[in-house]
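Q: Mind folding the following:
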Amino acid sequence: MLDFIYYPVSAILWFWHTVFGAVLGPDNGFAWGLAVVFLVFSLRLLLLWPAIRQIRTGLQMRELQPQIKALQKKHAGDRQQMALEMQKLQREHGFNPLMGCLPVLVQAPVFIGLYHVLRSFNRTGTGHGGLGMTAQDNANTANYVFSATDVQSFLSARLFGAPISVAITSPDDVLASFASHGGVPTVATIAAVAIPLMVIASLATHFNARASVARQTADASANPQTAIMNKLMLWVFPLGVLVGGPFLIIAILLYWVSNNTWTYVQQHLVFARLDREQAAKERALAQQRKAHAPAPGTRPTVDRKRNQNRKRANRR
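A: Numbers count the residues shown, from 1 in each chain. Here you go, the predicted structure:
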């Protein structure tokens, strides 16, 4: 049903494996690991513009909060009028709320496709990743743009002795099926590779959340719902990585680490750029106000004198 996503994702992974396999060897675990990492980087690069637009939309929404609150207070009893005024406000400021949702709408099917393609290497079927378990059966089955030879190469690939297509919790019969792909791996060998990846992914998830929370306004942080969500992002989601990690194959853990690493770097670079833009805008406004301000020692104009006289009269 989602072949229009699975095939492009598979093609990008195939491209990077071809590149790194030409240097390191097609069965090399680092060639496949780098292919997964650069697959993530390629997809995130394609989604970079929507992600930046999402951040800009969030900042713009924060700037409009005072005006939005004023409209909500003014039209508290008239939702229809408030909706019209909100649309008018958004048009005046070129604000598009859809841009805040677009990256999520785009990323979700893309990364579901990525997850599916990686999982499909461990399944047998009609060439599209059907049901099944063992590497022995799957070695003769194609996977989207990958040939049966490519699938066998993936199943033979190991990082520090651990096949990248197994998880800590993989059943014994699955591990036994790797006897023809370099020997049966032990759980200890798999854990030695998987656990560091799980820890790195968990820490990256936590620090990504911390960076997002740090950008929130005081009003947003004080909101009870936002506070609960912040705690989930800061502590529960990273813990979920550790809890779910043993059930994920090493290739998917590599995806998780590289995806979170990209997010961490992207957040800091984009936020730094937006901060510079905001600082430049504030400097320009300050210079503009300074240019229109009267020079020191300049006598008040007639209008200013009249205004001052009126204020004095009102005080009396």
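Q: In the one helix or strand Trp49 maps to, which residues are buried?
A: Assigned by DSSP states H and E, Trp49 falls within helix 48-74. Under the neighbour-count criterion of 16 or more other CB atoms under 10 Å, helix 48-74 has 50-57, 60, 64, 71 buried. Where C-beta positions appear, they are placed from N, C-alpha and C, glycine not excepted.
Q: Now flag whichever of these is closest to Gly245.
A: Ala51 (25.1 Å; CB to CB).
Q: so what does the longest helix along the chain touch, helix or strand wise?
A: Using DSSP state H to define each element, the chain has its longest helix at helix 250-292. Under the contact criterion of 3 or more CB pairs under 8 Å, 6 or more residues apart in numbering; DSSP states H and E, helix 250-292 touches helix 29-46, helix 48-74, helix 102-120, helix 187-214.
Q: Spatially central residue in this protein, please.
A: Centroid check for the chain by CA atoms, centre = their mean gives Thr263 as the closest residue, at 5.2 Å.
Q: mind listing what that one touches?
A: Contacts for Thr263 (CB atoms under 8 Å, 6 or more residues apart in numbering) come out as 44, 204, 208.
Q: Tell me how far the spatially closest residue to Trp256 that is not a sequence neighbour lies from Val241.
A: Closest residue to Trp256 apart from its sequence neighbours, by CB to CB, 6 or more residues apart in numbering: Ala201 at 4.4 Å. Distance, Ala201 to Val241, using CB to CB, to the nearest Å: 5 Å.
Q: got any residues that touch both of the two?
A: Common neighbours of Ala201 and Val241 (criterion: CB under 8 Å, 6+ apart): Trp256.
Q: related to what we said a few turns ago, among the buried residues of helix 48-74, which pair sits farthest apart?
A: Maximum distance among the buried residues of helix 48-74 (CB to CB): 28.8 Å, for Ala51 and Leu71.
Q: as a whole number, average confidence for the longest helix of the chain?
A: Averaged across helix 250-292, the pLDDT comes to 87.
Q: what do you get for stretch 186-202?
A: For stretch 186-202, mean pLDDT is 95.
Q: Only the buried residues of that stretch, if you could.
A: By neighbour count on 16+ other CB under 10 Å, the buried set for stretch 186-202 is 187, 189-190, 193-194, 197-198, 200-202.
Q: Between all of those, which two are separated the most?
A: Maximum pairwise distance among the buried residues of stretch 186-202 (CB to CB): 21.2 Å, between Thr189 and Ser202.
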